[in-house]
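[1] how would this look folded up:
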Amino acid sequence: MDCDICNRSHDTKRLPFLCAVDARNQIYEGRMKNLHLLIENEGLQKQISDLLADTTAPTKDRKDSLQAQQRIAEDRTTQILAAADKLRNDIKAAREEIKAKKAALSRRRSDIAAVSNGLMERRVKQQKDIERASSMSKYRWSQTAEDMSRTRSFLCMEAARLCGLKRVNKGSPNQFEYHLGGLPVVDLTSMNSLSPETISTSLGHVSHILMLTSHYLALRLPAAITLPHRDYPRPTIFTLSSSYKHGDMSFPSQTGTATPSSDTRNPESQHVPRPRPLFIDKPLPQLAKEDPAAFSYFIEGVTLLAYDIAWACSTQGVSIGDKTYFEDICNMGRNLHNLLIDQETNSGNIFPVPSTPKGVNTDAEDSNIRNNWMGRFSHGTTFYFLGSADGTEFAKNFKLPGPMKLADRLKKKLVSEAPAPDWEVLEDDAWKVEDGPEIESNATQDKSTEGKNSPHRGSSGWMKVKNR
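    Just a heads-up that it's a prediction; the model follows:
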């Protein structure tokens, strides 16, 4: 502050005081500190006086209460310190974890950067390697399928030769007869002139070789054949609609009724299909006359057998002639011989040849594949699978007539060619039924009298010309 006397600013070092104002200014700060100390001393004296005035001694309860409060405070302090230590440790662990994660992320970034370098080139290379391996696998698969088809073809040919399937020239250059097991393969159109033993034996041989062939070729024939086995002495065949939809069957009776193995009182047993017999015990004309139902069943059976053979030939690319011509389909001997023996001459182009890898020279094998289809298509392998979409479409292209239509044509042909006797011996009762009204008429009596005097009396009443 400025001095009122000398009118100059106060400076303790450069301008010492020269008057009372300067002296006052010099001691002003010390006086203020002294005043504060006096006020504080007065307050402390008052507190001491108050404490000295309270002369009452503390009680035991008061002491216990203070000690309890002290312990509570100490416990709380201990808990706070422990929580603080735990929090410090958690923070330290979190920091270390964050540090480790940052290091891991840094390593991953570096790894990704290293891997990303040349990624497209590696992808293209891996794709080419996979395509090459896939092509080689397909090629080996096709080669395995070809080896299996050749094995099947060899087994079928050897089985046919062991069973005695051969072609015999009948004298004319273009007329052949086919033998199997030492017997001629039955011609369906000429069964009227064959004995039942010959027909049954020949059909049994054909059924056996056909089932053996279907087993080797892994074919599921459209009409299921049951070969003789225990309690089943003769072969039978099921229709197309009832094949592979039945369990164990009993041998069918000769009366035209089925004999399922289940109880006949069971309603479900009434739906058991009846197999068609591939055997007869009587000559065919006699069977047609005495048991038309058994005759119809037998005709259906042999037609289904011929249909199975034609279907098997179609699956293997074997030509059976005109598929709409009845005689070509029912010529079982020729079709079997073409299927099993004349395999080298069979060719087909039903399905495209599987592709092979580039750089592999397979011209000779491809030509062999195109020239021989025997043993390729089956229901037992997936490479040439008849149950696939292509196989199903291929089977639709067979265009074979239905077996029931073939059976009707065969039945009409056999019935029309059945030998009929010119004379038929009648019983006395049948003759009396026709001559009863004539006895009552006078004209008939006159004719009978003339007949008694006729020299041809011995033939009257015993024979009658059969109306054709």
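[2] the helix or strand hosting residue 127 - what's its average pLDDT?
    With secondary structure defined by DSSP states H and E, residue 127 is part of helix 119-162. Taken as a whole, helix 119-162 has a mean pLDDT of 92.
[3] repeat for stretch 66-86
    94.
[4] how far off centre is stretch 318-334?
    33 Å (C-alpha atoms, centre = their mean, to the nearest Å).
[5] tell me how far the ends of that stretch are from each other?
    Stretch 318-334 has an end-to-end distance of 11 Å (C-alpha to C-alpha, to the nearest Å).
[6] who's in contact with it?
    Residues from elsewhere that reach stretch 318-334 (C-beta atoms under 8 Å, 6 or more residues apart in numbering): 176-180, 184-189, 206, 303, 305-307, 309-310, 313-314, 335, 338-339, 346, 348, 374, 398-401, 406, 409-410. For every residue, glycine as well, the C-beta is placed using N, CA and C.
[7] pLDDT of it, averaged?
    Per-residue scores along stretch 318-334 average to 87.
[8] got the buried residues for it?
    318, 319, 320, 326, 329, 330, 331, 332, 333, 334 (16 or more other C-beta atoms under 10 Å).
[9] could you identify the most distant pair in those?
    Farthest pair in the buried residues of stretch 318-334 (C-beta to C-beta) is 318 and 326. Separation: 18.4 Å.
[10] what about the longest helix seen in the chain, distance to the chain center?
    Criterion DSSP state H: the longest helix present in the chain is helix 60-116. Remark: helix 60-116 is offset 63 Å from the chain centroid, using C-alpha atoms, centre = their mean.
[11] so residue 198 is in which element?
    helix 196-217.
[12] what is that helix packed up against?
    Packing partners of helix 196-217 (3 or more C-beta pairs under 8 Å, 6 or more residues apart in numbering; DSSP states H and E): helix 119-162, strand 176-180, strand 183-184, strand 225-226, helix 292-315, helix 332-340.
[13] low-confidence ranges, this protein, go.
    Along the chain, segments meeting pLDDT under 70 span 1-22, 54-58, 253-271, 344-372, 420-468.
[14] enumerate the positions of the helix holding residue 198 that are buried.
    196, 199-214, 216-217.
[15] got it, and stretch 239-256?
    239, 242, 243, 246, 249, 251, 252.
[16] list just the nearest of these to residue 145.
    Checking the buried residues of stretch 239-256 one by one against residue 145 (C-beta to C-beta), the nearest turns out to be residue 243, at 27.0 Å.
[17] contacting residues for that closest one?
    221, 222, 223, 224.
[18] so the third one sits against residue 242, correct?
    No. With contact defined as C-beta atoms under 8 Å, residue 223 does not reach residue 242; the gap is 9.2 Å.
[19] residue 406: neighbour count?
    23 (other C-beta atoms under 10 Å).
[20] report the angle between whichever strand or helix holds it and helix 292-315.
    For residue 406, the host element (DSSP H and E) is helix 403-416. Computed with axes from the mean of the first three to the mean of the last three C-alpha atoms, to 10 degrees, the direction of helix 403-416 lies at 130 degrees from that of helix 292-315.
[21] which strands and helices sit next to helix 403-416?
    helix 284-290, helix 292-315, helix 326-329.
[22] still on that earlier bit, report the two of the contacts of residue 243 separated the most.
    222 and 224 (8.3 Å).
[23] looking at the contacts of residue 243, which is nearest residue 389?
    The nearest one, if we look at those relative to residue 389 and count by C-beta to C-beta, is residue 222, at 18.7 Å.
[24] can you tell me the SS state at the closest one?
    coil (DSSP: H, G, I helix; E, B strand; the rest coil).
[25] could you report the neighbour count for it?
    Counted with other C-beta under 10 Å, residue 222 comes out at 19.
[26] and it, what is it in contact with?
    240, 243, 307, 308, 311.
[27] run the chain-centre distance for the helix or strand harbouring residue 39.
    Assigned by DSSP H and E, residue 39 falls within helix 20-53. A distance of 110 Å separates the centroid of the chain from that of helix 20-53, by C-alpha atoms, centre = their mean.
[28] returning to that earlier point: can you show me the CA trace of the helix holding residue 406 as CSV?
    Taking Å, rounded to 0.1, in the frame of the first residue of the first chain, the C-alpha atoms of helix 403-416 are listed here in CSV:
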residue,chain,number,x,y,z
PRO,A,403,-47.1,-111.3,-70.9
MET,A,404,-50.8,-111.6,-70.6
LYS,A,405,-51.2,-110.7,-74.2
LEU,A,406,-48.6,-113.2,-75.2
ALA,A,407,-50.4,-115.8,-73.0
ASP,A,408,-53.7,-115.2,-74.8
ARG,A,409,-52.1,-115.6,-78.2
LEU,A,410,-50.3,-118.7,-77.2
LYS,A,411,-53.5,-120.2,-75.7
LYS,A,412,-55.5,-119.5,-78.8
LYS,A,413,-52.7,-121.0,-81.0
LEU,A,414,-52.5,-124.2,-78.9
VAL,A,415,-56.2,-124.6,-78.6
SER,A,416,-56.7,-124.1,-82.4
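[29] grab the nearest non-local neighbour of residue 379.
    Leaving aside its sequence neighbours, residue 379 sits nearest to residue 220 (C-beta to C-beta, 6 or more residues apart in numbering; 4.6 Å).
[30] what's the neighbour count on that neighbour?
    Neighbours of residue 220 using other C-beta under 10 Å come to 14.
[31] what sits against it?
    Applying C-beta under 8 Å, 6+ apart, the residues near residue 220 are 214, 244, 379, 386.
[32] gap between the first one and residue 308?
    When C-beta to C-beta, to the nearest Å is the yardstick, residue 214 and residue 308 sit 8 Å from each other.
[33] likewise residue 213?
    In terms of C-beta to C-beta, residue 213 sits 10 Å off from residue 308.
[34] could you do residue 417 as well?
    From residue 417 over to residue 308 (counting by C-beta to C-beta), the distance is 25 Å.
[35] pick out whichever of the two has more residues nearby.
    Each of residue 417 and residue 308 has its neighbours counted (other C-beta under 10 Å); residue 308 has more, 27 against 13.
[36] ok, the more buried one to residue 200 distance?
    18 Å.
[37] again with residue 273
    Distance, residue 273 to residue 200, by C-beta to C-beta: 22 Å.
[38] and if you look at residue 137?
    Distance from residue 137 to residue 200, by C-beta to C-beta: 50 Å.
[39] check residue 285 too.
    For residue 285 relative to residue 200 (C-beta to C-beta), the value is 16 Å.
[40] ok, now residue 125?
    Applying C-beta to C-beta to residue 125 and residue 200 gives a distance of 69 Å.
[41] for residue 49, same thing?
    From residue 49 to residue 200 the distance is 146 Å (C-beta to C-beta).
[42] again, but for residue 230
    On the measure of C-beta to C-beta, residue 230 and residue 200 end up 19 Å apart.
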